[in-house]
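>>> below is the structure, and that's it, no one-letter string:
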């Protein structure tokens, strides 16, 4: 593991207010919230923010959410949030938050699971783990660096795919593990070696994101494809609601 | 601060556990796994733990040697910066006091950098790993610590956020200065006291 020369957050990032300017369903269980920042920042693709909810009596609940949008110079970011049954924050965001509401956020946070559009990257996401990778894919597309990036997105069924209209492209591969769209050539199966693009460009770094189980399984596949473990960065999404 | 979120009441605060630091919730029986690297498969036949740096006797222990030291255990809570806390956990291993006692900390030492068999590192004030506050553990609830949770052995510093409890720990480097580790270089707090909510740099 090399030492990141540019820390993602060597400075303090105070809480700020962000206004919800759009809410869009991605799947039946995931929504994207577009937030207008009151103190705009430029994030790096792969970073996250913390969202804090505060009750009138001062009780707070905070969770981290990856930024799905690419850094684009705007004062807005997008977060895609999966609704976790029993999750105190995600259920509130899904069931109660509407356009015009204000949320407290701080960030951007993280200097490890980031891609700066300057080196070859293999992105492997499982389910909601595609969110930070989407920021990277969007960055690649908007900066004309698609040649550097390959995304493999694994979902259970077509209904579970986030950004379904946006992901398909020559630099992306979809893997369905339970059910596929009609006439999809690959039968449903877990991610395996021949799902990965080949050959991988020299110096490729892999970014793997998903549940811990997915991350371990995908790491094994990526290592099997010849990538050294030092070249693999992992982000595990826990059930932290 | 001083503003609340429209419509948010939160839940369960009537019976909020006094053991919960601010901003934390009880994860119950879950133990979320958050690791930034590929989970390594370490063989206890070749595993080592070492103490180096500002010590009189830099020392390396094998798996059998470290198990021959006086055992020590921890029972209590752990707190992750991602806001979960977990209560009534039991870890078994050896006290860091025992290990540092063998190596002999030199005057002037102020911090340690814990390093793992992966490339992970984390920095801690010496005072946070001495005085019965830190362990190297290999048992969890009486069973071998799983690799997903840092096995075969991890550092345990339960009074600080859990990223300080380095998984796959390989040793401690005793220093006369503070040297930011992996997450600390990436924006997380140098000390990480959950009761002070020292989550990120600047907190």
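Everything's here; your move. On a predicted model such as this, the values are computed, not experimentally measured, just so you know. Numbers count the residues shown, from 1 in each chain, chains lettered A, B, ... in the order given.
>>> can you give me the strands in chain B?
Taking DSSP state E as the criterion, chain B carries its strands at B:25-26, B:48-53, B:59-62, B:72-79, B:84-95, B:111-116, B:121-125, B:135-140, B:143-144, B:154-156, B:169-175.
>>> could you check how far the third one is from the centre of its chain?
On the basis of C-alpha atoms, centre = their mean, to the nearest Å, strand B:59-62 sits 20 Å off its chain's mean C-alpha point.
>>> check stretch A:35-50 too.
Worked out by C-alpha atoms, centre = their mean, stretch A:35-50 lies 13 Å from the chain centre.
>>> could you find the closest non-adjacent residue to residue 167?
Here I'm looking at chain A. Closest residue in space to residue A:167, ignoring its immediate chain neighbours: residue A:153 at 6.1 Å, by C-beta to C-beta, 6 or more residues apart in numbering or on different chains. The C-beta positions use only the backbone N, C-alpha and C, and glycine is treated the same way.
>>> nope, chain B please
Nearest non-adjacent residue to residue B:167, counting by C-beta to C-beta, 6+ apart: residue B:150, 2.9 Å away.
>>> residue A:84 touches residue A:90, doesn't it?
Yes: counting by C-beta atoms under 8 Å, residue A:84 does reach residue A:90; the two are 4.8 Å apart.
>>> when the two are compared, which one has more neighbours?
A count of neighbours by other C-beta atoms under 10 Å in any protein chain shown puts residue A:90 above the other of residue A:84 and residue A:90, at 22 against 17.
>>> so which helix or strand takes in the more buried one?
Assessed by DSSP states H and E, residue A:90 sits inside helix A:88-96.
>>> I'd like the next helix or strand past that helix.
Trace forward from helix A:88-96 with DSSP H and E and the next one is strand A:102-109.
>>> and the average pLDDT for that next one is what?
Strand A:102-109 carries an average pLDDT of 95.
>>> which positions within the lengthiest strand in chain A qualify as buried?
Determined from DSSP E, the single longest strand within chain A is strand A:16-27. Buried residues in strand A:16-27, counted by 16 or more other C-beta atoms under 10 Å in any protein chain shown: A:16, A:18, A:20, A:23, A:26, A:27.
>>> then stretch A:175-184?
For stretch A:175-184, the buried set under the neighbour-count rule, 16+ other C-beta under 10 Å, comprises A:175, A:176, A:177, A:180.
>>> what comes into contact with that stretch?
Under the criterion C-beta atoms under 8 Å, 6 or more residues apart in numbering or on different chains, residues A:152-158, A:186-191, A:195 lie in contact with stretch A:175-184.
>>> end-to-end on that stretch?
With C-alpha to C-alpha, to the nearest Å applied, stretch A:175-184 spans 10 Å between its terminal residues.
>>> average pLDDT across that stretch?
The average pLDDT for stretch A:175-184 rounds to 96.
>>> for it, what is the distance to the chain centroid?
Relative to its parent chain, stretch A:175-184 has a centroid offset of 22 Å by C-alpha atoms, centre = their mean.
>>> how far away is the residue lying farthest from the centre of chain A from residue A:101?
Distance from the C-alpha centroid of chain A peaks at residue A:57, with 32.8 Å (C-alpha atoms, centre = their mean). Distance from residue A:57 to residue A:101, counting by C-beta to C-beta, to the nearest Å: 19 Å.
>>> could you give the bridge partners of the nearest residue to residue B:24 once chain neighbours are set aside?
Nearest residue to residue B:24 in three dimensions, chain neighbours excluded: residue B:85, at 4.4 Å (C-beta to C-beta, 6+ apart). The partner list for residue B:85 in beta bridges (DSSP bridges) reads residue B:26, residue B:79.
>>> wait, residue B:85 touches residue B:77, no?
Yes: the pair residue B:85 / residue B:77 is scored as a contact, 5.8 Å apart, by C-beta under 8 Å.
>>> what is in contact with these two at once?
With contacts taken as C-beta under 8 Å, 6+ apart, the residues that reach both residue B:85 and residue B:77 are residue B:19.
>>> looking at stretch A:120-129 now, give me its mean pLDDT.
In the prediction, stretch A:120-129 has an average pLDDT of 97.
>>> tell me if that stretch is near chain B.
No: counting by C-beta under 8 Å from any C-beta of the partner chain, chain B has no neighbours in stretch A:120-129; the shortest distance is 12.0 Å.
>>> coming back round to it: now, the buried residues of stretch A:175-184 that are in strands?
If you go by DSSP E, these have A:175, A:176 in strands.
>>> contacts only, for the closest residue to residue B:113 other than its chain neighbours.
Distances taken as C-beta to C-beta, 6+ apart put residue B:173 closest to residue B:113, at 4.5 Å, once the chain neighbours are dropped. Contacts of residue B:173 were listed using C-beta under 8 Å, 6+ apart, and they are B:52, B:53, B:112, B:113, B:114, B:115.
>>> just the buried members of those residues?
Among the contacts of residue B:173, those scoring as buried are B:53, B:112, B:113, B:114, B:115 (criterion: 16+ other C-beta under 10 Å).
>>> rebuild the residues you listed as JSON lines, extending it with pLDDT and distance to residue A:206.
Below are the buried ones among the contacts of residue B:173 laid out as JSON lines (pLDDT from 0 to 100; distance: C-beta to C-beta, whole Å):
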{"residue": "B:53", "pLDDT": "98", "distance to residue A:206": "33"}
{"residue": "B:112", "pLDDT": "98", "distance to residue A:206": "31"}
{"residue": "B:113", "pLDDT": "98", "distance to residue A:206": "27"}
{"residue": "B:114", "pLDDT": "98", "distance to residue A:206": "26"}
{"residue": "B:115", "pLDDT": "98", "distance to residue A:206": "23"}
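>>> please, which helix or strand holds residue A:122?
Applying DSSP H and E, one finds residue A:122 within strand A:121-126.
>>> mind checking the pLDDT average for the longest helix along chain B?
The residue-count maximum for a helix in chain B (DSSP state H) belongs to helix B:96-103. Per-residue pLDDT values over helix B:96-103 give a mean of 98.
>>> check stretch A:134-152 too.
Mean pLDDT, stretch A:134-152: 97.
>>> measure that stretch end to end?
Distance between the two ends of stretch A:134-152: 11 Å, counting by C-alpha to C-alpha.
>>> for that stretch, list every residue counted as buried.
By neighbour count on 16+ other C-beta under 10 Å, the buried set for stretch A:134-152 is A:134-140, A:143, A:145-146, A:148-152.
>>> ok, stretch A:32-39 next?
Neighbour counts over stretch A:32-39 (16+ other C-beta under 10 Å) mark A:32, A:33, A:34, A:35, A:36, A:37 as buried.
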